[in-house]
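1. here is a sequence with its predicted model. Questions after.
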Amino acid sequence: MIRPAFPVVITRDDILCRVHELARAIAADHPSAPPRFVAVMEGARVFAEHLCALVPGSPPFTEVRARSYGNGTVSNGRVRVEVPRDLRLDGAPVVLVEDIVDTGRTVEVLTAELKARGAHSVEVATLLSKPARRVVDVPLRYVGFEIPDEFVIGFGMDVAGRYRELPYVAAYRRELEPGAADAGAVE
C-alpha cells in the first residue's frame, strides 16, 4: 500500500522512548501496586498496549469509547461515551489513557464517569497534548508530547478510520491523499 507523504511530527523511536519514561513515572508514583488503566478506544489502543506492557506486572486495561469527531478533523463539541456496564473501580486509583487531549471535554466527561464508578482518583496519561485547543482546564499527569494545533494521525490515531497503522505521528494533509482533488472536503 502506498502511503501519502504526510509530514512526520514525532518519530516511532521518539514515541517509544517517551512511553518508557511515562511507564517509569507511573510505576514510581504507584510503588505498591499498579493503578487500574482505562483506555479510550480506538485511538489510544496502541499507546495503552505499549504503556501497560512496560508498567511492572503488565496490567491489563479496560476499554471505553468516546466520540467527538465523527469522520472529520474537528471536534463537534459533543462527547458521547460508552463505558462497560459492569465496570466497578472500588476505590482504586485509575490512569485514564488517551491518545490526544485537545479541547479537554472527553477527559472531563470520562473523569466524572470513572469517579461515579468508584475510582479513588483519576490521573490522565496522554500521548499528545494540544493546549492551543483546550476549552476545559483538565489536569494531565503524564504527557508524552505537546504539539501545535494541527490534526495528527498514526500510532493508533486516524481520520475516518484511515492511517491508524502508521508507526509514527504525522500531520494529516488532505491534499496529499490520492484523489483528494476529486473528493469532497473532510470537515
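-> Cool, the structure landed.
2. how about whichever helix or strand residue 63 is part of: buried residues?
-> Applying DSSP states H and E as the criterion places residue 63 in strand 61-67. Of the residues in strand 61-67, those scored as buried under the neighbour-count criterion (16 or more other CB atoms under 10 Å) are 61-64, 66. Yep, even glycine has a C-beta here, placed from its N, CA and C like the rest.
3. cool, and stretch 157-174?
-> The neighbour-count criterion (16+ other CB under 10 Å) identifies 157-159, 163-164, 166, 168-172 as the buried residues of stretch 157-174.
4. then stretch 148-157?
-> Taking 16+ other CB under 10 Å as the basis for neighbour counts, the residues of stretch 148-157 that come out buried are 151-157.
5. which among those gets closest to residue 28?
-> Closest approach between the buried residues of stretch 148-157 and residue 28, by CB to CB: residue 155, at 24.1 Å.
6. that closest one contacts residue 45, correct?
-> No - the pair residue 155 / residue 45 is not scored as a contact, 9.9 Å apart, by CB atoms under 8 Å.
7. longest helix anywhere in the protein?
-> Of all the segments assigned as helix in the chain under DSSP state H, the longest by residue count is helix 12-29.
8. in the protein, which spans are strands?
-> Secondary structure of the chain (DSSP state E): strands located at 8-10, 36-41, 61-67, 80-82, 93-101, 121-129, 142-146, 152-153, 169-171.
9. flag whichever of the ones you listed has the least confidence on average.
-> Out of those, the stretch the model trusts least by mean pLDDT is strand 80-82, with a mean of 87.
10. same for that strand, what does it pack against?
-> Under the contact definition 3 or more CB pairs under 8 Å, 6 or more residues apart in numbering; DSSP states H and E, strand 80-82 sits against strand 61-67, helix 105-116.
11. nearest to residue 126, of the ones you listed?
-> With CB to CB as the yardstick, what comes closest out of the helices and strands packed on strand 80-82 is helix 105-116 (8.1 Å).
12. quick one: the closest one to chain centroid distance?
-> 14 Å (CA atoms, centre = their mean, to the nearest Å).
13. tilt between that helix and strand 121-129?
-> 160 degrees (axes from the mean of the first three to the mean of the last three CA atoms, to 10 degrees).
14. kindly export helix 105-116 (C-alpha atoms) in PDB.
-> Extracted C-alpha coordinates of helix 105-116, given in PDB (Å, rounded to 0.1, in the frame of the first residue of the first chain):
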ATOM      1  CA  ARG A 105     -14.100  17.700  27.000                       C
ATOM      2  CA  THR A 106     -13.600  14.000  26.700                       C
ATOM      3  CA  VAL A 107     -11.300  13.800  29.700                       C
ATOM      4  CA  GLU A 108     -13.700  15.900  31.700                       C
ATOM      5  CA  VAL A 109     -16.700  13.600  30.900                       C
ATOM      6  CA  LEU A 110     -14.700  10.400  31.400                       C
ATOM      7  CA  THR A 111     -13.200  11.500  34.700                       C
ATOM      8  CA  ALA A 112     -16.600  12.200  36.100                       C
ATOM      9  CA  GLU A 113     -17.900   8.800  34.900                       C
ATOM     10  CA  LEU A 114     -14.900   6.900  36.400                       C
ATOM     11  CA  LYS A 115     -15.300   8.700  39.700                       C
ATOM     12  CA  ALA A 116     -19.000   7.800  39.600                       C
END
